[in-house]
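Peer 1: quick one: sequence and predicted model below, then my questions.
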Amino acid sequence: MKIKNMIAKRFMMIVTLLSLCAFGTNAYAEYNIRFSEIGPPRGARAEVMKWWASEIEKRTEGEVKIEFFWSQALTKGKDTLRAVGTGLSDAGTIMGLYNPAEVPIWNYGSLPFVAGDVWVTLRTWQELQQTMPELQAEMKKNNVHILTNYTTGQSDLISKFPIRTAADLKGKKIRGSGYYITLMNNLGAVPVNIGMGDIYQALDRGTVDGATAYTYAVKAYKFHEVIGYVTEANMGMVPGFGGGINLDLWESMPENIRQVITHVSDEFIDRLAEALIKSSATARAELEAGIDGKAVEVSTLDPAEREKWKEASIELVDEWKKLVSSKGLDPERIIEQVNATTAKYQKELEEKGYPWTRK
């Protein structure tokens, strides 16, 4: 009887091993990824993120599922880098400006007036995540792997009063974050450091008179209800911003799953750029026409005035260089690679146009 049981057990072991071998290295494991997101489930980026998650699930035949926790329901935005790195959250939207000491290299592109075109910026930083050793080491130190880069789109000003020159900002309470706090201060405003999610209430209560924000996001956050003006100042953007996953989790995944996620994450870049560019144009038209009966005046900062604002931000580049140098890194080499990669995609844009416009 014992011999029969032993034979049966060995037979079952052999069947199990043969089954595993039949699947081989291409077999998918099941991964349910909890994703902590800063913003609400609406707006240009949110819609592309939903596409990204559904596409990954489809291409992995349901073996990778991403559950979004919108509006900081899982972790606060400023805590997401640490939460992802420690595994409290499997993945999440990481904002570099919340972690200046931990990700200084990533934050270079977020300095005012450094970034230009949305698509060029997104493509540049997505490639740098894959090719710049210093940036890769920075993320590894935080136990994070960046899947796809985001950008906020151009930084503009929303306000209760018209803004034509820096003189209009003098003494006004203007919301800013990160480097834009210093810029607003240099332009004569009284900077107030609050997050995107707190802008509406601050404007409504009069805690601030205006805010650095993004034209395409005005409708999503319902800012049109509490402002009268948008000034398209194009002060740069925030590409030190993206979707990251816990590095240990990432490295534990089979290669075929990682390839699928990486491929979809690269496709995400062009889709996000298209969405941001189109939604900014749509938002501008809607604001001027009026949303729910509330019209907002949209104006563009004069180029000569914009140059003055740009000069007010030069000290921030110098401070960034000192910070990076203090960590034993060469800031000039980093800037050189950023500029070279930017020039590459700028040239492609000029010669071929945006990917979604090409035949």
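Peer 2: Alright, I've got the coordinates. Numbers count the residues shown, from 1 in each chain.
Peer 1: how many neighbours does Ala44 have?
Peer 2: Burial of Ala44, expressed as a neighbour count using other CB atoms under 10 Å, amounts to 24. For the C-beta atoms, the positions are set from N, CA and C on the backbone; glycine is no exception.
Peer 1: need the helices for this structure, in chain order.
Peer 2: Remark: helices assigned in the chain by DSSP state H are 2-23, 44-59, 80-86, 118-131, 133-141, 179-186, 199-205, 217-220, 247-252, 255-289, 303-311, 314-326, 331-352.
Peer 1: I'd say Ser325 and Pro331 touch.
Peer 2: Yes. At 5.9 Å, Ser325 counts as touching Pro331 under the criterion of CB atoms under 8 Å.
Peer 1: among these two, which residue is more densely surrounded?
Peer 2: Taking neighbours as other CB under 10 Å, Ser325 and Pro331 compare with Pro331 leading, 20 against 12.
Peer 1: what residues does that one make contact with?
Peer 2: Neighbour list for Pro331: 320-321, 324-325 [criterion: CB atoms under 8 Å, 6 or more residues apart in numbering].
Peer 1: and for Leu97?
Peer 2: 107, 110, 177-179, 238, 240-241.
Peer 1: residues in contact with Pro173?
Peer 2: Check again: residue 173 is Lys, not Pro. Lys173 touches 189-190, 192, 207-210, counting by CB under 8 Å, 6+ apart.
Peer 1: out of those, the closest to Val144 would be?
Peer 2: Val192 (29.5 Å; CB to CB).
Peer 1: what number of residues are in the vicinity of Asn87?
Peer 2: Not quite, residue 87 is Gly, not Asn. Neighbourhood size, Gly87 [other CB under 10 Å]: 13.
Peer 1: what's the pLDDT at the closest residue to it other than its chain neighbours?
Peer 2: The shortest distance from Gly87 to any non-neighbouring residue, by CB to CB, 6 or more residues apart in numbering, is to Asn246 (5.1 Å). Asn246 carries a pLDDT value of 98.
Peer 1: look up which residues are beta-bridged to Asn246.
Peer 2: Assessed by DSSP bridges, Asn246 has beta-bridge partners Val144.
Peer 1: I figured it hits Asn143, correct?
Peer 2: Yes. Using CB under 8 Å, Asn246 and Asn143 qualify as a contacting pair, with a distance of 6.6 Å.
Peer 1: now for those two: what residues contact both?
Peer 2: 84-86.
Peer 1: neighbour-wise, which one of these leads?
Peer 2: Val84 (29 neighbours).
Peer 1: the residue nearest to Asn186 when sequence neighbours are not counted: neighbour count?
Peer 2: Spatial nearest neighbour of Asn186, excluding adjacent residues (CB to CB, 6+ apart): Ala312 at 4.1 Å. Neighbour count for Ala312, taken as other CB under 10 Å: 18.
Peer 1: pretty sure Ala312 contacts Ala189?
Peer 2: No. When contacts are counted by CB under 8 Å, Ala312 is not listed as touching Ala189 (10.8 Å).
Peer 1: any chance of the helices of the chain in CSV, plus distance to Tyr229?
Peer 2: As requested, the helices of the chain are exported to CSV (distance: least, CB to CB, whole Å):
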stretch, distance to Tyr229
helix 2-23, 60
helix 44-59, 22
helix 80-86, 32
helix 118-131, 23
helix 133-141, 37
helix 179-186, 16
helix 199-205, 12
helix 217-220, 11
helix 247-252, 44
helix 255-289, 10
helix 303-311, 15
helix 314-326, 26
helix 331-352, 30
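Peer 1: nearest to Phe68, out of those helices?
Peer 2: Across the helices of the chain, Phe68 has its closest neighbour in helix 44-59 (7.0 Å, CB to CB).
Peer 1: show the average pLDDT along the closest one.
Peer 2: Per-residue scores along helix 44-59 average to 96.
Peer 1: cool, stretch 291-302 as well?
Peer 2: Rounded mean pLDDT across stretch 291-302 is 94.
Peer 1: make residue 1 into 30 and carry on from there
Peer 2: Okay, residue one is now 30; in that scheme the one you just asked about reads as stretch 320-331.
Peer 1: give the residue spans of the stretch 180-329 of the chain that score low on pLDDT.
Peer 2: Of all residues in the stretch 180-329 of the chain, none has pLDDT under 70.
Peer 1: please repeat the previous calculation with a cut-off of 90.
Peer 2: Applying pLDDT under 90 to the stretch 180-329 of the chain picks out residues 181-182, 206-207, 224-226, 244-246, 248-250, 321.
Peer 1: contact partners for the closest residue in space to Gly200 that isn't next to it in sequence?
Peer 2: Counting by CB to CB, 6+ apart, Gly200 lies nearest to Val219, which is 6.5 Å off, once chain neighbours are set aside. Going by CB under 8 Å, 6+ apart, Val219 touches 200-203, 213.
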